Every structure is written in structure tokens, then in C-alpha cells.
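**Student:** Output the structure for:
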Amino acid sequence: MQTYSLFELNEYVRRILALNLPDAVWVTCEIAQFNESRGNYFLELVEKSEEDDKIIARTEAAIWSANYRQLRRKIGKKLVDILQEGLEVKVQVRVSFHERYGLKMVIEDIDPTYTLGKLALKRQQTIDQLEKEGKLYQNAELALPTVLQKIAILSSPTAAGLQDFENQVRFNPYQYYFQLDLFPTAMQGDRVSTEMRTQLKKINKRYHEYDAVVIIRGGGARLDLQAFNDYDLCVALAECPLPILTGIGHDIDETVADIVAHQSLKTPTAVAEFLVQRNAVFEGELMQLAQTLMQISQLELQQADSELSRYQQILQLGAENLLHQEHSNLHHLQQLLQPLSKIKLEQEDILLKQLSNILGLLDLDATLARGYSLSMKDGKVVQSKTDLATDDELEIRFKDGSVKSKIISFLDKSRGHS
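**Tutor:** Numbers count the residues shown, from 1 in each chain. Next up, the predicted model:
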């Protein structure tokens, strides 16, 4: 069996690679790690399975400082944005193998359109998935409070537009008061989604303390915004119980976070203007309502005053008519009183004479004069024989005097003897 030394084997591999890959080739992969040292850049490139996202290939690559400067002149600022961990890239590599240092892949060129195309495709896939799940416009369906004062801010303390946003809100010309609570989070790189979702959970637990959530970032390159296309982040934004306003700071590109948000505004200052103007509109509506209410109340008072004056005139006229009518009635009664009183007096005089005659007939002396007598016992008038007994003494009065008598016996009226 033939035996090779390690050097011989490596030399054999080098010649095979040099023979089969004499020129640089284009490779599609994902950047797993990216580091810089003394102007040189070292990358770990991987390929993942489409089925379960597992790594099926891995290698190391380098961009020497001279090549990096050439790529920077060719691609511009986009080069920094493309060389980010987690992004898919299309790179031209020259494969070399050294007997001592092993396999080396040197990156000589990068195709930025491939990365941008992949990101655009991934962005659209995120949008389609959110729409399928009914989350794309879930946050937009929340009711935005009429007045926005208590604001939870998701931003980096060093974000370009945060200070501008806070100054414009705090020193607004209407002197409105705003409560601004910052929940710090990364706004660039692969930590954006994780940190922002963590802060959103904190805000969700205190949602009753706020009117809305504002995301402030400021300006940045197109690729810097890819973190705001992350599916998990956009789901968290959609499910937030508070309306979300974005001011990520871009004029043309629209991230998925902008679509998911309740309202997207281009810049942090635009968000500040929106908050201030919304409250100003509400104040204007209140002032308009107050003015309308004052006008209505004045009109109602005028109508009530006119109605009161009319009732006063009606009451005065009615009172005068009533007094006149009562005066006429009184005068009429006065005219009737004299003849009626004369008739009444005459009737009473006749009645009085009749009573006088009756009294005269009932007088005791007149009665005795008509032949009647009055029997009295012990000074009391005897009204029945049952009031008498044998041997009782009586006084019998006549018209011309009285006599005394004594009861000897009683006459039996039915038999005619005593």
C-alpha cells in the first residue's frame, strides 16, 4: 500500500484544486460570522437546508485589505450593509490550498443585487405570511386615542432622530405636556428583533399607562432597515395592544414594520409633528364646540327672554281683563244686592210675624184664657196620671187664679167609676 506524507497529500490536493478551479467562481451563501483585523476581513460562510434551516456546508473566507478598498470604491456604502451576519450574499471567490496553511477562499468581488433581491423576496414572503394570518393590519384596527400624551418610545439612546423628536415634542408651540418614556433597544444589526420584542413585552404589561408606542430610528441605508422586516418582530408589533407609530427615517423604502404599524410616518420629526398637530386639532375642535355652545346658549337665552316677555304681556293683559271682569261682576252684584236685600228683609219680617203669632198662641196665659187649666205638683207640671198617687196635693191654675186639691181616688176610664 502506497503511503503519502502530509505534505505530499496537501500538495496533491493543491494541484487538483489548481487544475480544476484555476479561476475565481461565484458562490451563494450566508454570512455566519464577520470580523475585522488590521484592515483585513474574515468571514465564516455557511449554507443552510431549505427544509429545516440546518447548516449543510461551512467554510472560512477572507477579504484582504486591498480587495476591500477596491470593493468599497466599486460598491460604495452598500458594502458595509451587505457584509452583515445573517445576510445571504453572492461572492466571487478564488479557492487556494496551501500545504501549510490549508484551504483558503479569498473574496474578490460581491454582487449587491443578489443580496438586495433576496431581502426583497424575504420581505414579500413576510408580508404574505402576515396577511395570511390576519396580522398585517391588526394593529391598524386599534382605536387611536383622540389625545396622545403618554408615549412609550422604542429607540436607541444614541439614535440620530431621538433627540430631535424629543425636543420637538417637549418644546411644542402649544405648550402641550407629553410623557415620554424611553425603552432602549438596538436599532441596527441582528439584535434589533430580539431586543425590541423584549421591550414590547414590558410595554404590553403596562399598556394601560400609555396612549401609543412610537418607534424612532432616524436616517440610514436601505440595508440597515432589514431588521424591521423580521417576521417575529412584525408579529410582536401587530399584536401590541397599543397603536404603533413608526418614524424609522426613510423617504422611499417601506419596511414591513411600517405596514404593520397603525400609522407610518417618514421621519422622527414627522412623528413629533403628528402628535402635536393631533392634539392641536382636538383643542381646535373643543374651542369650536365651545363657541358653538356659546352661540346656541345665547340664542336660547334670547328666545327664552322673548318668550318670557310675551308671557309677561299675556299675564298682564289677562290680569287686567280679569280685574275688569270681576269689577263688572261686583258692580252687577252691588246693583242686585239692594232689591234682593229688601225682598229678603220683607220675607224675614213676614216670617218673624208668623213666629210671633205662634209664640202668642203658645203663651201660658193665652192658653189658660182659652179655658185650659194647669195642674202642678210640688211646683212641677203634671203631665200624666202616673205622676200622681192617692192623697197627693195639687195646685190647679186657671186664667183668674188657682185652687188646691187632693187626690182621693182615680177614675177607671174603662168602667166609669173610681
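**Student:** which residues touch Ala389?
**Tutor:** Ile407 (C-beta atoms under 8 Å, 6 or more residues apart in numbering). Backbone N, C-alpha and C define where each C-beta goes, glycine included.
**Student:** how close does it get to Val382?
**Tutor:** Distance of Ala389 to Val382, given as C-beta to C-beta, to the nearest Å: 11 Å.
**Student:** which parts of the helix or strand bottoming out on mean pLDDT in the chain are buried?
**Tutor:** Sorting the helices and strands of the chain by mean pLDDT, DSSP states H and E puts helix 364-369 at the bottom, at a mean of 77. Using 16 or more other C-beta atoms under 10 Å as the test for burial, helix 364-369 gives Leu368.
**Student:** can you list contacts of that helix?
**Tutor:** For helix 364-369, contacts defined as C-beta under 8 Å, 6+ apart pick out Gly360, Leu374, Arg397, Phe398, Lys399.
**Student:** redo that, cut-off 10 Å
**Tutor:** If you take C-beta atoms under 10 Å, 6 or more residues apart in numbering as the criterion, helix 364-369 is touched by Leu359, Gly360, Leu361, Asp363, Tyr372, Ser373, Leu374, Arg397, Phe398, Lys399, Asp400, Ser402.
**Student:** Mind checking what secondary structure the last one has?
**Tutor:** When you say that, I think you mean Ser402. With DSSP: H, G, I helix; E, B strand; the rest coil as the basis, Ser402 sits in strand.
**Student:** State the mean pLDDT of stretch 279-294.
**Tutor:** Stretch 279-294 comes out with an average pLDDT of 91.
**Student:** quick one, strands of the stretch 1-150 of the chain?
**Tutor:** 25-37, 40-48, 55-63, 88-98, 102-110, 150-155 (DSSP state E, counting those that start in this stretch).
**Student:** mind listing the helices for the chain?
**Tutor:** For the chain, the helices defined by DSSP state H cover 6-20, 65-75, 78-82, 112-132, 162-170, 192-205, 231-238, 256-260, 268-361, 364-369.
**Student:** winner for burial among these?
**Tutor:** helix 256-260 (a mean of 25; mean count of other C-beta atoms under 10 Å).
**Student:** Tell me the gap between that helix and the middle of its chain.
**Tutor:** The chain centroid and the centroid of helix 256-260 are separated by 26 Å under C-alpha atoms, centre = their mean, to the nearest Å.
**Student:** for that helix, packing partners?
**Tutor:** The helices and strands touching helix 256-260, judged by 3 or more C-beta pairs under 10 Å, 6 or more residues apart in numbering; DSSP states H and E, are helix 112-132, helix 231-238, strand 244-247.
**Student:** circling back to that earlier point, now, of the strands of the stretch 1-150 of the chain, which is deepest in the fold?
**Tutor:** strand 150-155 (a mean of 23).
**Student:** mind listing what the residue nearest the centre of the chain touches?
**Tutor:** In the chain, the C-alpha nearest the mean C-alpha coordinate belongs to Pro145, at 7.5 Å (C-alpha atoms, centre = their mean). By C-beta under 10 Å, 6+ apart, Pro145 lies in contact with Tyr210, Asp211, Ala212, Leu242, Pro243, Arg278, Phe282.
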